[in-house]
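**Q** Provided below are the primary sequence and the corresponding predicted coordinates.
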Amino acid sequence: MFLRKRDLPPLLRAIHDPPARLYLRGEGDAELLTRPAVAIVGARACSPYGAQVARMLGRELARAGAVVVSGLARGIDGEAHRGALDARGHTVAVLGCGIDRDYPAAHMSLARSIAERSLIVSEYEPGVEPAPWRFPARNRIIAGLCAATVVVEARERSGALITADFALEEGREVFAVPGEITSALSAGANALLRLGATPLTAAGDVLESLGLEAPPPAEPEGGPLLDLLPATADELVRKTGLSAGEVTAALAELDVAGLAKEGDGIYRRLA
């Protein structure tokens with residue numbers, strides 16, 4: 001199935017260079033592309049913190065009724081899609097290859113889950129191979145489908161910044177998650193903030209711009225760790241049997257949710 005240019009959703013049809021056709025795959029109705037949507041993009045080789053933030057944002061935005069749009073890539077993209085699926089919400093994956101391909105192949109299972117509930121889209125007909133130049137072109141569709149774009153983590157020349165540039169050129173709102181000034185993974189997002197992007201500290205920041213109401217807060221995945229605080233990350237690893245990466249990710253979600261804060265290496269609960 002495909003949409004001709006005249007049948008594209010209004011936001012995508014309004015961009016400078018809309019696709020001549022948009023191929024669709026999945027159980028979702030084409031009407032899904034007209035709903036309030038947010039792009040969540042960022043680094044492929046993201047940090048555990050970035051992955052957890054992307055998944056949390058995907059989950060919270062989808063719970064509030066927003067469609068989460070991303071590029072099915074490793075890292076931030078994949079976690080944003082998974083977060084929306086966790087919430088049994090809707091998410092749209094935009095491919096940089098033929099509509100019949102699952103790229104990267106490692107995300108075949110994720111693509112299947114997206115197609116079972118929502119949509120996978122591409123401007124490329126079946127059989128078109130992925131090529132480096134097709135992914136920056138794909139990014140204009142990610143931004144074009146959405147009223148807002150969120151950059152979670154991005155290096156200085158990240159493709160996520162191309163998506164943000166497309167969004168800015170079309171007058172759409174761009175949010176960036178502030179990152180550590182010493183981390184190369186934060187360089188791109190922090191540069192966007194210097195250029196005037198809106199700092200994102202919670203999903204509610206985006207929902208407000210879309211005119212959507214935040215649902216009642218759900219307990220974060222790291223909730224059980226709250227009962228063990230105050231403690232250092234190493235102490236939590238020993239007490240819980242979780243890996244260091246799992247503990248770091250859970251603590252990051254508690255931090256973003258405003259339930260815990262680190263000081264002098266010790267995490268303390270705030271609620």
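**A** Received, thanks.

**Q** Now Gly26: phi and psi?
**A** Backbone geometry at Gly26, expressed as degrees, to the nearest 10, gives phi 130, psi 170.

**Q** show me what contacts it?
**A** Contacts for Gly26 (CB atoms under 8 Å, 6 or more residues apart in numbering) come out as 114-120. C-betas here are computed from N, CA, C, even on glycine.

**Q** Try it again at 10 Å.
**A** Shown in contact with Gly26 (CB atoms under 10 Å, 6 or more residues apart in numbering): 1, 32, 92-93, 111-112, 114-121.

**Q** separation between it and Ala93?
**A** 9 Å (CB to CB, to the nearest Å).

**Q** isn't there a strand covering Val68?
**A** Yes. Per DSSP: H, G, I helix; E, B strand; the rest coil, Val68 lies within a strand segment.

**Q** all helices of the stretch 151-271 of the chain, in order?
**A** Along the stretch 151-271 of the chain, counting by DSSP state H, counting those that start in this stretch, helices occupy 159-169, 187-194, 203-210, 233-240, 244-256.

**Q** now these as CSV including mean neighbour count?
**A** Listed next are the helices of the stretch 151-271 of the chain as CSV, based on neighbours: other CB atoms under 10 Å:
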stretch, mean neighbour count
helix 159-169, 23
helix 187-194, 20
helix 203-210, 20
helix 233-240, 15
helix 244-256, 20
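
**Q** for these, which one sits closest to Gly263?
**A** Closest approach to Gly263 among these is made by helix 244-256 (11.4 Å; CB to CB).

**Q** quick revisit: list the residues that contact both of Gly26 and Ala93?
**A** Common contacts of Gly26 and Ala93 (CB under 10 Å, 6+ apart): 111, 114-115, 118-121.

**Q** quick one on the thing from earlier: closest one of the contacts of Gly26 to Ser186?
**A** Relative to Ser186, the closest of those is Ala93; by CB to CB it sits at 25.3 Å.

**Q** Helix or strand: which one has that closest one?
**A** Per DSSP states H and E, Ala93 falls inside strand 91-94.

**Q** Export the helices of the stretch 151-271 of the chain as TSV, with columns for mean pLDDT and distance to Ala176.
**A** Shown next, in TSV, are the helices of the stretch 151-271 of the chain (pLDDT from 0 to 100; distance: least, CB to CB, whole Å):
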stretch	mean pLDDT	distance to Ala176
helix 159-169	94	8
helix 187-194	94	4
helix 203-210	91	11
helix 233-240	88	26
helix 244-256	79	14
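
**Q** Switch those helices over to a markdown table; also include distance to Asp86.
**A** A markdown table is the format used below for these (distance: least, CB to CB, whole Å):
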| stretch | distance to Asp86 |
| --- | --- |
| helix 159-169 | 22 |
| helix 187-194 | 23 |
| helix 203-210 | 13 |
| helix 233-240 | 21 |
| helix 244-256 | 12 |
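
**Q** At which residues are the strands of the stretch 51-200 of the chain located?
**A** For the stretch 51-200 of the chain, applying DSSP state E, counting those that start in this stretch gives strands covering 67-70, 91-94, 119-122, 148-151, 173-176, 198-199.

**Q** any chance of those in a markdown table, plus mean pLDDT?
**A** Output for those, formatted as a markdown table (pLDDT from 0 to 100):
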| stretch | mean pLDDT |
| --- | --- |
| strand 67-70 | 98 |
| strand 91-94 | 98 |
| strand 119-122 | 98 |
| strand 148-151 | 98 |
| strand 173-176 | 96 |
| strand 198-199 | 95 |
